[in-house]
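Novice: Following is a predicted model, sequence given first.
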Amino acid sequence: MPKNNNNSNKQIPKEVEIPNLNLISLFRKNVEKNQNKPALYFKGKIKTYKKIEEEVNRLSNSLQDIGIKKQDRVAVLLPNCPQFYTTFLAVQSLGAIFVSFNPLYAPREIIQLLNDCQPKAMITLDIFSEKIKSIQKEINIENIIISSIAEELPSLKKYLYKIFKARKNPIIDNSLSYEKLIENGKNIKIKTKINPQDDIAVLQYTGGTTGEPKGAMLTHYNLVSQAVLLQKWKIGLESQPKGQIKVAAVLPFSHIFGLTSSFIWPIIDEAEIYLIPDPRKLLEIMNIIGKYKIHFLFGVPLLFQKLAAHKKIKKYDFSSIHVCCSGGEGLPDETVKLFENKTNCLLIEGYGLTEASPVSHINPPNRYDRKIGSIGIPIPNTYAKIVKPDTNEEITDYNKKGELWVKGPGIMKGYWKNEKATNETISKGWLKTGDVACKDETGYYKIVDRLKDVIIVSGFNVWPNEVEKILKSHPSIMDTAVISEKTSKGIIVKAILVKKDNCEEISLDEIREFCKKYLAPYKVPKIIEYTSEIPRSMVGKIMRRKLKNVK
């Protein structure tokens, strides 16, 4: 952990000026000052800001040549790789709308989203060719553009990839080569007139954990404001990084948390991004942190839990990290304590949602002002209140539960082609988060649970997050999810459990006795079920609608 200078959150301003810039201007402004600085690291290969800008110019001109124009949608099915970075910026230079899909999506899910956003082009990798080929007859896309990870690898790795992997990928009929588009495109800047506060930069689909996915329309202003506000939040660090900032991009860029924290914010801070395409490869993550002296790591609670539990974690040096930030779902106290004990790194919690671009709250990045168990305070220029869900009346008493509403420059323009859902979610600029929260006397907020996830047992409210927190504190439980179960006698609490490696399954009686020490009787699980894995979204949120079928 870097030297402690006793900073406090008083240094983080409540209001800052947000420039009226679009995303491509933000990038080009950075390139002018840092042309020869490294911008991306991927599998041993480094690209400078100057090199990336050239590729952005060439790709954007080629996309324009095939008919892509302002506010057209361009879809991508890509992991964290250089092609994602270049494509995002090329799309922004055209004033088009970037739409990113999780590479783990099943063909059915991809079809659903493509039919909704109707892109003029789709860019993906050859490793996903089989998936795209299987749905090609069911989608109507003018241009399918294929790239290969091999093109971004150092020479030896590129050679081995082409021998052992590339030959297995099927050919997509009438597809275009990403590499040819860059090779043949003009190295000339495209200057599209963009209104940052009105023009959509990204159509970001929500995870769909509580229903059908909806596309949040995020403007250039929404996303630039996030980068600026996170930059100001960094003032509260116990010490500032020396030299060029280094960020480990573990979170998928295809999710808004990864896009803003590990892509757009690093641009404004002139950082070097270390791309990690598979967040499950813990040894690769730890090696990059130790070898390249990473300063910032953003992730989901499960990532930090797995890192802390890794048997080789003590062999890696985490001392360069200034702060680790967790989001996506609640961060268990035990995870914080274990991770900080193993790494001596500060781990804090933040909060946000797709519709807010995403961050609305975060803990100050120092040990003096952070509060374990809290999502922190609103970021600059952002306001929050707790309201009664049934009347929308503001709750002013401290520590009283209600629905969290937020307001600020990150709030989306609305849902794509869904005015009804937009009006139900946004009221006079306030975004209804659907999360139950409370605020303490010091202005810090705490998430209780999802409003829609509450379990009503004999008239009493049971919040799954509270029960899950207790279950995760059991020494034999690795992960858990709590849902309702309908029986002939009414609704009861059910716990789905994942045991730790080298531990035996615990009986229902033992679980109930353990929970009774910390929970009211009606909150204690009446039935349990073991599974190998809890279904989660790519940023760690429990997908409760899938749990009914877990076996």
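Specialist: That came through, no problem. All values reported here derive from a predicted model rather than from experimental measurement.
Novice: remind me which residues of this protein are low pLDDT?
Specialist: 1-10, 155-168, 207-212, 459, 488-489, 548-551 (pLDDT under 70).
Novice: mind giving me the domain split of it?
Specialist: Domain segmentation of the chain under automatic domain parsing yields 17-434, 454-549.
Novice: ok, now how distant is Ala150 from Leu125?
Specialist: To Leu125, Ala150 is 10 Å away according to C-beta to C-beta, to the nearest Å. Every residue, glycine included, has its C-beta placed from N, CA and C.
Novice: right, I mislabeled it, should have said Gly350
Specialist: Per C-beta to C-beta, Gly350 is found 30 Å from Leu125.
Novice: my read: Ala216 touches Thr206, true?
Specialist: Yes. Counting by C-beta atoms under 8 Å, Thr206 is a contact partner of Ala216 at 6.4 Å.
Novice: just the helices in the stretch 451-551 of the chain please.
Specialist: Secondary structure of the stretch 451-551 of the chain (DSSP state H, counting those that start in this stretch): helices at 464-472, 508-516.
Novice: out of the ones you listed, deepest packed?
Specialist: Ranked by mean neighbour count, these are led by helix 464-472 with a mean of 21 (mean count of other C-beta atoms under 10 Å).
Novice: Run the angle between that helix and helix 508-516 for me.
Specialist: 110 degrees (axes from the mean of the first three to the mean of the last three C-alpha atoms, to 10 degrees).
Novice: Mind checking which of Ala150 and Leu125 has more residues around it?
Specialist: Applying other C-beta atoms under 10 Å to Ala150 and Leu125 shows that Leu125 carries more neighbours, namely 24 against 19.
Novice: quick one, what contacts that one?
Specialist: The contact partners of Leu125, taken as C-beta atoms under 8 Å, 6 or more residues apart in numbering, are 77-79, 81, 83, 146-149.
Novice: Which ones among those residues map onto helices?
Specialist: Gln83 (DSSP state H).
Novice: of all the contacts of Leu125, which two lie farthest apart?
Specialist: Within the contacts of Leu125, Pro79 and Ile146 form the most distant pair, 14.6 Å apart (C-beta to C-beta).
Novice: Would you mind confirming that Ile372 makes contact with Glu334?
Specialist: No. With contact defined as C-beta under 8 Å, Ile372 does not reach Glu334; the gap is 10.1 Å.
Novice: What separation do you get for Phe298 and Tyr444?
Specialist: Counting by C-beta to C-beta, the gap from Phe298 to Tyr444 is 20 Å.
Novice: Those two - which one has more neighbours?
Specialist: Per other C-beta under 10 Å, whichever of Phe298 and Tyr444 has more neighbours is Phe298, with 23 against 20.
Novice: The more buried one is in contact with Ile321, isn't it?
Specialist: No. Counting by C-beta under 8 Å, Phe298 does not reach Ile321; the two are 11.2 Å apart.
Novice: Look up phi and psi at Leu251.
Specialist: Dihedral angles of Leu251 (phi, psi; degrees, to the nearest 10) stand at phi -60, psi 140.
Novice: Now do the contacts for it.
Specialist: So, once contact is read as C-beta under 8 Å, 6+ apart, Leu251 ends up touching 257-258, 261-262, 279, 298-300, 539.
Novice: again with Val457
Specialist: Per C-beta under 8 Å, 6+ apart, neighbours of Val457: 490-493, 522-523.
Novice: For Lys14, grab the count of nearby residues.
Specialist: 12.
Novice: How about Tyr383: which residues does it bridge to?
Specialist: Judged by DSSP bridges, the bridge partners of Tyr383 are Lys407.
Novice: Now that it has come up, it's in contact with Val406, right?
Specialist: Yes. With contact defined as C-beta under 8 Å, Tyr383 reaches Val406; the gap is 6.9 Å.
Novice: Which one's more surrounded, those two?
Specialist: Counted by other C-beta under 10 Å, Tyr383 and Val406 do not tie: Val406 has more neighbours, with 26 against 13.
Novice: Spatially nearest residue to the more buried one, not counting backbone neighbours?
Specialist: Ser360 (4.3 Å; C-beta to C-beta, 6 or more residues apart in numbering).
Novice: and the next element down the chain from whichever strand or helix holds the one you found?
Specialist: Assessed by DSSP states H and E, Ser360 sits inside strand 359-362. As assigned by DSSP H and E, the chain's next helix or strand after strand 359-362 is strand 377-378.
Novice: could you say what helices and strands that following strand packs with?
Specialist: strand 359-362 (3 or more C-beta pairs under 8 Å, 6 or more residues apart in numbering; DSSP states H and E).
Novice: strands paired with the strand it packs on, and their directions?
Specialist: Strand pairing for strand 359-362, determined by DSSP bridges: strand 347-352 (antiparallel), strand 377-378 (antiparallel).
Novice: What lies in contact with that strand?
Specialist: Residues contacting strand 359-362 (C-beta under 8 Å, 6+ apart): 226, 229-230, 233, 260-261, 325, 327, 348-353, 375-379, 382, 384, 406, 408, 410, 433, 445.
Novice: Give me the distance between that strand and the centre of its chain.
Specialist: Strand 359-362 has its C-alpha centroid displaced from the chain centroid by 13 Å (C-alpha atoms, centre = their mean, to the nearest Å).
Novice: go on, stretch 461-474?
Specialist: On C-alpha atoms, centre = their mean, the centre of stretch 461-474 falls 23 Å from the chain's centre.
Novice: List the contacts of stretch 417-431.
Specialist: 116, 214-215, 353, 355-356, 385, 392, 405-407, 411-412, 414-415, 432.
Novice: Show me just the buried residues among the residues you listed.
Specialist: 116, 214-215, 353, 355-356, 385, 405-407, 411-412, 414-415, 432 (16 or more other C-beta atoms under 10 Å).
Novice: Skipping adjacent residues, who's closest to Lys70 in space?
Specialist: Gly95 (3.7 Å).
Novice: how far away is the one you found from Leu203?
Specialist: In terms of C-beta to C-beta, Gly95 sits 14 Å off from Leu203.
Novice: nearest residue to Gly350 other than its sequence neighbours?
Specialist: Leaving aside its sequence neighbours, Gly350 sits nearest to Ile362 (C-beta to C-beta, 6+ apart; 3.6 Å).
Novice: For beta bridges, what are the partners of the one you found?
Specialist: Gly350, Ile377.
Novice: That one: neighbour count?
Specialist: For Ile362, using other C-beta under 10 Å, the count is 25.
Novice: ok so, going back, so which of the domains of the chain is the most packed in?
Specialist: In terms of average neighbour count - mean count of other C-beta under 10 Å - the standout among the domains of the chain is domain 17-434, at a mean of 19.
Novice: Return the distance of it from the chain's centre.
Specialist: Computed by C-alpha atoms, centre = their mean, the chain-centroid distance of domain 17-434 equals 6 Å.
Novice: what's the span of it from first residue to last?
Specialist: 29 Å (C-alpha to C-alpha, to the nearest Å).
Novice: Can you pull the phi/psi pair for the nearest residue in space to Lys546 that is not next to it in sequence?
Specialist: Closest residue to Lys546 apart from its sequence neighbours, by C-beta to C-beta, 6+ apart: Pro535 at 4.4 Å. Note on Pro535: backbone dihedrals following degrees, to the nearest 10 are phi -70, psi 130.
Novice: One more: Asp199?
Specialist: phi -80, psi 140.
Novice: Help me confirm that it comes into contact with Asn222.
Specialist: No. Asp199 is not in contact with Asn222 according to C-beta under 8 Å; the separation is 10.6 Å.
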